[in-house]
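[1] my questions concern the predicted model and sequence given below.
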Amino acid sequence: MKAETMAQTITIEPVSRVEGHAKITIHLGPDGQVQDARFHVLEFRGFEKFCEGRHFQEMPAITSRVCGICPVSHMLASADAGDRLLAVEIPDTALRLRRVVNLAQIVQSHALSFFYLSSPDLLLGYDAPPAARNVLGLAAAHPEIARRGIRLRQFGQTAIELIAGKRIHASWAIAGGVNASLSAAARDQILAALPEAIETARLTLDWFRASLPSHDEEARTFGHFPTLFMGMVTPDGSLESYGGRLRIIDAHGRLVADQLDAAQARVLLGERVEPWSYLKSPFLKALGPDEGAYRVGPLARLNVAQRCGTPLADEEFARFRSLSAGPVLGSFHYHYARLIEILFGLERIGELLDDPSCLSTDVLARASRNRLRGIGMSEAPRGTLFHDYTVDEDGLLTSVDLLIATGQNNLAMNRAVTQIAKAYLHADRLDEGLLNRVEAGIRAFDPCLSCSTHAAGTMPLVVEVHDVNGATIGRIDRRA
Amino acid sequence: MSVTTLTINGRLVSAAEGASILDVAREHDIHIPTLCHLDGLSEHGACRLCLVEVAGSSKLQAACMTKAVEGMVVTTDSERLRTYRRQIVELLLAERNHVCSVCVANRACELQDLAVSMGLHHVRYEPQAPQLAMDASHPRWIIDHNRCVLCTRCVRVCDEIEGAHTWDVMGRGRQTLVISDMNEPWGDSASCTSCGKCVRVCPTGALFEKGAVATNKDPHFVTYLRMAREQKLWNR
Amino acid sequence: MTLVLAFGNPLRGDDGVGPEVGRRVAATGAVVEVVTPLQLLPEHAAQVAAADRVIFVDAAVGRQAGEVVTIALQAAPTVRVDHALTPAAILTLARDLYDARPPAWIVQVHAAHFTTGAPLSAAVAAAIPRAINAVLALLPQPHHTPPR
């Protein structure tokens, strides 16, 4: 190969404060400028394979073991797929309770992402030393915010525990409904804790909104590009997290598809497998892997919805949407969207539990298997989660396909890393500032590698710069 | 009625004639672990967990199958017995596919309880990991042979209490399998009355209800059925 | 109340020694609150802040497998944090967030391996009774009430 065509690659691995194990490579062109960047996922657990042969009604309990972070999302997507195999409409109260639990899950996960993982970057700055730029630094500098973050996460976890039993790996939702109704005492306990949680969400939003001008640069460089967006909406186009239909819009806000059920959405999506990652890269088939790249998760959900549908969240939603004439394209605003979803989730939990029907004991529809294929979904904290089951006549699984939120953001995460590297990597200088921004850019998506690749355990990140021959010309290893 | 006197763990105890060592021990609040034994069903002696030492014999005896005899000296708890019992549970866990974390019977499983009571959370033996099928052809229940410990409680309750004798045992050694009728799918069984007794007495998640995320095992209802049938007592 | 925060992942070989010791301490009937999480999280600081004394139990590396070591702990001025928090980090959070400084110790059981899915090593399994005693030794001694 001729010297002038030599390109270089920079690799970052592992991304600290991201669930799972990741490596980032930055590829430099012959001119020493960033050409491309890739987010590699290096672990694989093969959940889909070992579920084959099991009965579909065991799946909510089994798949809630995929991930310690969002067992609830898997349980609910799995139960939804089970409902479809039974071909039943679940009782209203069962749907209501599943929605409450899903929102509580979104609240606790977003609280973890925002307060524990991301707010140190936002409050202390990307150039703060790593020893201070973490939840301890946050606690020292802004104890009130840290205390409130802890309380907010506890609210979500307690609500899940009160409704669904065990806090982690709940196996409460089952095909046809749920296996336990809600007691008045548990409902009252959740409702009593709501005002403080809502106050926390509002105060945090006030602070975040006020700090937005200082994050203008990140908003422009942390993955600001056109893509499609996909998220769940109600029949009238408001924000929904469970038991709704999907909407896909383009970067200008035009409808690409609307009111799709999980099965209809699934056939529109293709998947590309890259040799350098276990994370599959889904895209909208009709438009191909480049034009068809889409984002899911909080930012996407707020872009596809016309409104949240609750009063306080809608006030903030209006401010959020005024950031841009069309959809908000900057991935940095996943953070903003996450905070609005926390507020929405809390308000909606209040509405759902204020209705006396939430205490009905009619929570389970009983039926036999009536279909051979069922595709279910939930809006997980990180985006749309699909569970696609094919069974034999006895209901034993012959094929299982899990399409995970983090996977659906894969193409967008690669683009985000490329954009950040282009903005901050100059003359192959591999410094802390670049590393921190690449990490923060990835973290805006709140990727959960444990579930998207089914990896066990957690691991921090390495960045490598490679030339076009694959030779490593720079490397930072963040493992302690 | 003649009474037998024997010694258990150094204690002089009396027993009704014909009582097993297990019966006598229980009557005197002496705990002996069991798995295949179930009050109200015949004894089978399959699991060997109730092994005890009897003075004068180098062989260990299953307490459920051994009659209490005048002057017998029995030890129900010793380092040797604990070692054997622990090995038995480990071998049961290694024989098929017992994965508590994804099992419907998690926290409601007698095998798991035994393991916990022995402080056992890892198995030293190579798991056999057999590829056994599940039979989900019955409209309400599933049998997962991967979790079966061959205690034959299902076989005995079906035969002795329900009177249907749908279940039986086929094969020998590691090929042993509980089958319905002539090894036909459970859902096609002509003899099964769909009474569900087998599911209730199964000590593990081998027999479980479709759609259940946790089993409601209730083995003691067999005693109730016996009392109701034989003594016309309907007290639960 | 004494809080025993016995953490670790039972699916990772000797890393499971913490929760095992925690459960066995609870089974002794000692007057303690035992929590056995997979890893430490910021919300544990709230529990630490509510306790009179805190005993962490964890696997450790660096010494002969099976060695049990008790170390008094304090909040650290700065602690490197990635995904999982250290006991010192939890104490720092309890101090900074809740102005709580309960006396704290860690009982470490030195590990042989952290192999996924593997049992506790023989050395660590044998160390469990010593680790339990190390935890119990840190509890306040009961006051002797003279017999009436």
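    Now that the structure is in, tell me what you want to look at.
[2] what's the mean pLDDT across stretch A:137-156?
    For stretch A:137-156, the mean pLDDT works out to 91.
[3] likewise for stretch A:76-89?
    Throughout stretch A:76-89, pLDDT has a mean value of 97.
[4] can you check stretch A:367-385 too?
    The pLDDT scores in stretch A:367-385 average 96.
[5] report the buried residues of it.
    By neighbour count on 16 or more other CB atoms under 10 Å in any protein chain shown, the buried set for stretch A:367-385 is A:369, A:374-385. C-betas here are computed from N, CA, C, even on glycine.
[6] off-centre distance for it?
    Put simply, stretch A:367-385 sits 17 Å off its chain's centre (CA atoms, centre = their mean, to the nearest Å).
[7] could you do stretch A:99-108 as well?
    The chain centroid and the centroid of stretch A:99-108 are separated by 13 Å under CA atoms, centre = their mean.
[8] do that stretch and chain C meet at all?
    No. Stretch A:99-108 does not reach chain C (CB under 8 Å from any CB of the partner chain); its nearest approach is 10.1 Å.
[9] also stretch A:139-157?
    Yes. On the criterion CB under 8 Å from any CB, stretch A:139-157 is in touch with chain C at A:139-140, A:143, A:146-147, A:149-150, A:153-154.
[10] pick the one among the residues you listed closest to chain C.
    Using CB to the nearest CB, A:A139 comes nearest to chain C of those, at 4.2 Å.
[11] tally of neighbours for that closest one?
    If you count neighbours by other CB atoms under 10 Å in any protein chain shown, A:A139 ends up with 26.
[12] is it correct that A:V304 is in contact with A:T234?
    No. Applying CB atoms under 8 Å, one finds A:V304 not in contact with A:T234, separated by 11.4 Å.
[13] all helices of chain C, in order?
    C:17-27, C:44-49, C:87-98, C:122-137 (DSSP state H).
[14] so for the second one, mean pLDDT?
    Which is helix C:44-49. Average pLDDT, helix C:44-49: 94.
[15] and that helix, which residues are buried?
    C:44-46, C:48-49.
[16] coming back round to it: out of the helices of chain C, the one nearest chain B is which?
    Comparison of these against chain B by CB to the nearest CB identifies helix C:17-27 as nearest, at 7.3 Å.
[17] can you pull the buried residues of that closest one?
    By neighbour count on 16+ other CB under 10 Å, the buried set for helix C:17-27 is C:17-22, C:24-26.
[18] which among these gets closest to chain A?
    Distances from chain A to the buried residues of helix C:17-27, taken by CB to the nearest CB, are shortest for C:P19, at 13.6 Å.
[19] excluding residues flanking it in the chain, which one is nearest whatever residue of chain C ends up closest to chain B?
    Closest approach between chain C and chain B, counting by CB to the nearest CB: C:P119, at 2.8 Å. Nearest non-adjacent residue to C:P119, counting by CB to CB, 6 or more residues apart in numbering or on different chains: B:H122, 2.8 Å away.
[20] same check, this time on A:S399
    A:T390 (4.3 Å).
[21] for that neighbour, helix, strand, or coil?
    Per DSSP: H, G, I helix; E, B strand; the rest coil, the secondary structure class of A:T390 is strand.
[22] tell me how far it lies from chain B.
    Using CB to the nearest CB, to the nearest Å, A:T390 is found at 15 Å from chain B.
[23] ok, that residue - contacts?
    Residues near A:T390 by CB atoms under 8 Å, 6 or more residues apart in numbering or on different chains: A:372-373, A:397-400.
[24] let's go with 7 Å and repeat that
    A:372-373, A:398-399 (CB atoms under 7 Å, 6 or more residues apart in numbering or on different chains).
[25] ok, now B:W234?
    B:A228.
[26] swap the cut-off to 10 Å and go again
    When contacts are counted by CB atoms under 10 Å, 6 or more residues apart in numbering or on different chains, B:W234 touches B:224, B:227-228.
[27] pull out the buried members of those.
    In the contacts of B:W234, nothing passes as buried (16+ other CB under 10 Å).
[28] who's the residue nearest to A:M413 when sequence neighbours are not counted bridged to?
    In space, and not counting its chain neighbours, A:M413 is closest to A:F39: 4.8 Å by CB to CB, 6+ apart. Counting by DSSP bridges, A:F39 is bridged to A:I24.
[29] neighbours around A:D127, how many?
    By other CB under 10 Å, 11 other residues sit near A:D127.
[30] quick one, what contacts the residue lying closest to A:L203 once chain neighbours are set aside?
    Once flanking residues are discounted, A:L203 sits nearest to A:R148: 7.1 Å by CB to CB, 6+ apart. Residues counted as contacts of A:R148 (CB under 10 Å, 6+ apart) are A:111, A:115, A:142, A:196-197, A:199-201, A:203-204.
[31] and what of A:I249?
    Contacts for A:I249 (CB under 10 Å, 6+ apart) come out as A:228-231, A:255-258, A:294, A:300, A:303-305, A:326-327.
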